[in-house]
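# 3D, please:
(chains A, B and C)
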Amino acid sequence: MSREAQHHFEVLVVGGGPAGMAAAARAAECGVRVGIVDDNLGLGGQIWRGESGDRRKTEASKWAERVRTSGVNALCGLRVVHQPEPGVLLAEGLNGCCELTYEKLVLATGARERFLPFPGWTLPNVMGAGGLQAMVKCGLPIKGKRVVVAGTGPLLLAVAAYLHKHGVQIPVICEQANWSDLARFGLALLASPGKIVQGVVLKRDLAGVPFAANSWPLAAHGHQNLQSVTISRAGKSENIPCDYLACGFHLVSNIELPLLLGCAVDDNCVQVDDLQMTTVSSVFCAGEPTSIGGVDLALIEGQIAGLAAAGRTIEAEAWFVARQRARRFARLLDRTFPLRSELRSLPLSETIVCRCEDVSYSRLRQYSSWRAAKLHTRCGMGPCQGRVCGPATQFLFNWNPDSVRPPVFPARVETLAAIAGPVQLPHSEVIGGQ
Amino acid sequence: MSNPTYDVVVVGAGIVGAACADELSRRGLRVAVVDRDVIGSGATAAGMGHIVVMDDSDAQFALTRYSQQLWQELRHELPDDVEFEQCGTIWVAADEEEMIEVRRKQDYYGKRGVPTEVLDPTALQSLEPNLRSGLAGGLLVPEDGVLYPPCAARFLIERAQQRGATLRLDISVAQIGLGQVRLTDGTEISAKIIVNAVGAWAADLTPGIEIKKRKGHLVITDRYPGFVRHQLVELGYLKSAHSVSGDSVAFNVQPRRTGQILIGSSRQYGADHKEVDSSMLVRMLQRAQEYMPGLAHMSTVRTWTGFRAATPDKLPLIGPWVNTTGDKSIFLATGHEGLGITTSLATARVLVDQITGTKPEIPIEPYLPSRTAKEYAHA
Amino acid sequence: MLSQDTVTVTINGAPVAVPSGATVAVAIVLAGQACRTSVSGEARGPLCGMGICFECRVVVDGKLHCRSCQLLCEPGMQVSTEN
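Residues are numbered from 1 along each chain as shown, chains lettered A, B, ... in the order given. Okay, the predicted model is just below:
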């Protein structure tokens, strides 16, 4: 089969979260033909999932409006899987695949949660913190349910506040960071006016919800699904009955596509210059893949990348100071939420670490590299392609990840076999009118 | 640094090196195995793990048949993660010309005690309903099988270690010769015999060996149990494997015990980099879809490449390396192209027979390295 | 935002009504079912909620390996657990 459709853009943005939307809108506002591609059903990425159509004037809806009115071509429900030749990306949707070509590319592939294994973590109703929030946004009724929120990072507070607003009982928020790091985080945030407001709002939204630092999950219990969680708090174990455990240990950057394209990466972050350009010419990167830094930084980096991709260097440079300020928050995040060593001792011998292939901790422990473990146990060879077990084993065993090969996301045989054809079909998957 | 002395050092912990270490230790020799990476990291990691009798030549048949029977004897000792399955091979014929080849193979195998069954289109369809209709038939070879090679190599190495063999991984060899293996960390290992079982890089270790890298691609799908039951290979595969130059693809599909489907195969000369070649991938997958249209909608999880070690006459090099210096310490066990997994056990027997002066079970002249060194005087 | 209308899908043979706009993963969790059985026989449900963990895979209208957290419920969909 031939690739069903071919789209050419002057600027192509991969990833429809805040960074991608900002890049796309800015570039399109310069009069350039822009496309944005995302595998979700609508734009917004993770943090703005379902909010683009919000009638209130939120940041998300403002950017969605800018994307719409600037004439960006939104291609939703499409996942980039391969680069068959330089300058060409192959993307797959539910019903076909298409070829995307570009003059400039902006990678805004975002981040995902880091999951760490502990006994019982594979029980149904144990989900990521962002994971449970996404499920609620997608229709999961949650009012009146008991949810323990655990792990690390500001995402926990944001998720807890969201759940609380939706009528959830939260017995406790367990943050593994220690009190002094958190206090320093709080104080440092006082330096940012925007963050003070956010902090005040959060405090109000979380009124009455117990918060424990130096606290982490020890085990999840249940028969066919979750019934209770044992946590460590103040050095003691406590068992808490609950309906869901929302547990995530901060974020890891989605750098698979940048790696496939040959972008240099340092410490799991894509290297970019002042104009957000990677080491591959014509390829820019913005948002979480350059460093986990939150929405504000993502929006600024996205705008710089979009302007730079559209050739508007001077306008891009106008954002450098703002980016500098926002990067301070990113560095603060790094310092405040490092993972403590106790988390390495959570898994028992039989605790499953690779969920796709059910490989246990004891089987993995004997290998000295990711590659050896993969080859001999199949860890990382499942459909998640190491997205869940990779960061976990990196933390547990200090293993370095492997090189990336296509497809960067599971793709159908017919997609990888599709040839570039002269056929241009008029239709394309444009869902996502917000 | 201390200089431990061994009877044999095997360089290369792939399936061939592992089999050699296992056999050497079984016969009471003191063995060390050295590899620059992990066990089974080269073609062993990349290949399909197909155990198959082949009949390109009598010598190839002899070695593959001997080895297949050795795998059969070993199968009940293999741990679960080696995933040995006697699923059989079906050589698929697309047209009458290929059916002539089917009947020739049946005759050849029949005369040599290898059971086969000629399949007409109906029989082929009933054994493999997901093959497209309109094929001419095929040849079923029920004694062929598949396994997962890295775990097989590990099993063999562990057996050798249980008998006292030592293993050093993650260390490269700088030089071998005159009974010495010098590692890149400066260590030297003394041994009466050094076996070059390094595979595609054999000529880097022993300059002058005629080994060329023959790159291959593979794709593995998510789990679709029952879609394919046998290893399926198109008869056109033989044209691909035969050609001594050029890039080619052939339909070659394998059911794994997990229910995943392994899709191959491709051959390229002169491609030295391990990156996946998109155009080869397209050709290979299109070929596969031609034979099994149902593959089109399947989710693929990984693609990868590997390098086979190819010799000019398509037979491996097993035996003493002959060269002008008169160094008698180097033996070769390499050059297996696409038959490394199959012939690893027989290679080990043939090699160790020569080392210990035991009469081999099959004639070994076709595999001797000296066959290629006609211009060197025999010592 | 999700509407007040409902959509009915079938999960392992039993009808489940969900708000229109809900994903198949939500329907499965509401039905108290697991999405799939793992390699070693464990019941599994959604983990990441964003389509990368593959724990939410189900068979939808005969098609294997559908990530239910990325799929909207359509009236009459037949969903079953993956083994």
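
# Name the helix or strand for the residue in the stretch 51-200 of chain B that chain A sits nearest to, please.
Here the stretch 51-200 of chain B gets closest to chain A at one residue, residue B:150, 4.5 Å apart by CB to the nearest CB. Yep, even glycine has a C-beta here, placed from its N, CA and C like the rest. Secondary structure assignment for residue B:150, by DSSP states H and E: helix B:149-162.

# got it, and residue B:285?
Per DSSP H and E: helix B:278-291 holds residue B:285.

# again with residue A:379
Going by DSSP H and E, residue A:379 is not part of any helix or strand.

# From residue A:402, how far off is it?
Separation of residue A:379 from residue A:402 (CB to CB, to the nearest Å) stands at 11 Å.

# and residue B:103, that's in a strand?
No - counting by DSSP: H, G, I helix; E, B strand; the rest coil, residue B:103 is not found in a strand; it is helix.

# Excluding chain neighbours, what is closest to it?
Distances taken as CB to CB, 6 or more residues apart in numbering or on different chains put residue B:118 closest to residue B:103, at 6.6 Å, once the chain neighbours are dropped.

# Now do the helices in the stretch 151-300 of chain B.
Under the criterion DSSP state H, counting those that start in this stretch, helices of the stretch 151-300 of chain B are mapped to B:202-205, B:236-242, B:278-291.

# scratch that, the stretch 1-150 of chain A is what I was asking about
A:18-29, A:59-69, A:129-137.

# which stretches of chain C have low pLDDT?
Across chain C, residues meeting the criterion (pLDDT under 70) sit at C:1-3.

# Show me which residues of chain C sit near chain A.
Counting by CB under 8 Å from any CB of the partner chain, the positions of chain C adjacent to chain A are C:1-2, C:18-19, C:21-23, C:25-26, C:29-30, C:32, C:34-35, C:38-40, C:42-55, C:57, C:65, C:69-70, C:72.

# List buried residues within those.
Listed as buried from the residues of chain C next to chain A are C:18-19, C:21-23, C:25-26, C:29-30, C:34-35, C:38-39, C:42-55, C:57, C:65, C:69-70, C:72; burial here means 16 or more other CB atoms under 10 Å in any protein chain shown.

# closest to chain A out of the helices of the stretch 151-300 of chain B?
Closest to chain A of the helices of the stretch 151-300 of chain B, according to CB to the nearest CB: helix B:278-291, at 3.6 Å.

# now the helix holding residue B:150: mean pLDDT?
Taken as a whole, helix B:149-162 has a mean pLDDT of 98.

# In helices only, show me the buried ones among the residues of chain C next to chain A.
The helices, defined by DSSP state H, take in C:25-26, C:29-30 from these.

# quick one: the helix holding residue B:285 to chain centroid distance?
23 Å (CA atoms, centre = their mean, to the nearest Å).

# ok, and what's touching that helix?
Applying CB atoms under 8 Å, 6 or more residues apart in numbering or on different chains, the contact partners of helix B:278-291 are A:82, A:84-85, A:406, A:413-414, A:416-419, B:92, B:131-132, B:135, B:217, B:219, B:232, B:234, B:247, B:249-251, B:253, B:263-266, B:268, B:295-296, B:303.

# So among the residues you listed, which ones count as buried?
A:82, A:84, A:406, A:413-414, A:416-418, B:92, B:131, B:135, B:217, B:219, B:232, B:234, B:247, B:249-251, B:253, B:263-266, B:268, B:295-296, B:303.

# Could you check how far the residue of the stretch 201-350 of chain A found nearest chain C is from residue C:25?
Closest to chain C within the stretch 201-350 of chain A is residue A:224: 5.3 Å, counting by CB to the nearest CB. The gap separating residue A:224 from residue C:25 is 17 Å, by CB to CB.

# Same question for residue B:327.
66 Å.

# Same check on residue A:140?
Using CB to CB, residue A:140 is found at 8 Å from residue C:25.

# Residue B:16 too?
Residue B:16 is 47 Å from residue C:25, by CB to CB.

# Ramachandran coordinates for the residue nearest to residue A:269 when sequence neighbours are not counted?
Nearest non-adjacent residue to residue A:269, counting by CB to CB, 6+ apart: residue A:291, 4.9 Å away. Here is the backbone geometry of residue A:291 (degrees, to the nearest 10): phi 180, psi 150.

# Residue A:291: neighbour count?
When counting by other CB atoms under 10 Å in any protein chain shown, one arrives at 22 neighbours for residue A:291.

# How about residue B:259?
15.

# That one touches residue B:221, doesn't it?
No - between residue B:259 and residue B:221 no contact is recorded; they are 9.1 Å apart, counting by CB atoms under 8 Å.

# so how far is residue B:293 from the residue of chain C found nearest chain B?
Here chain C gets closest to chain B at one residue, residue C:65, 5.3 Å apart by CB to the nearest CB. Distance of residue C:65 to residue B:293, given as CB to CB: 18 Å.

# circling back to that earlier point, weakest of the helices of the stretch 151-300 of chain B by average pLDDT?
Among the helices of the stretch 151-300 of chain B, helix B:236-242 scores lowest, with a mean of 67.
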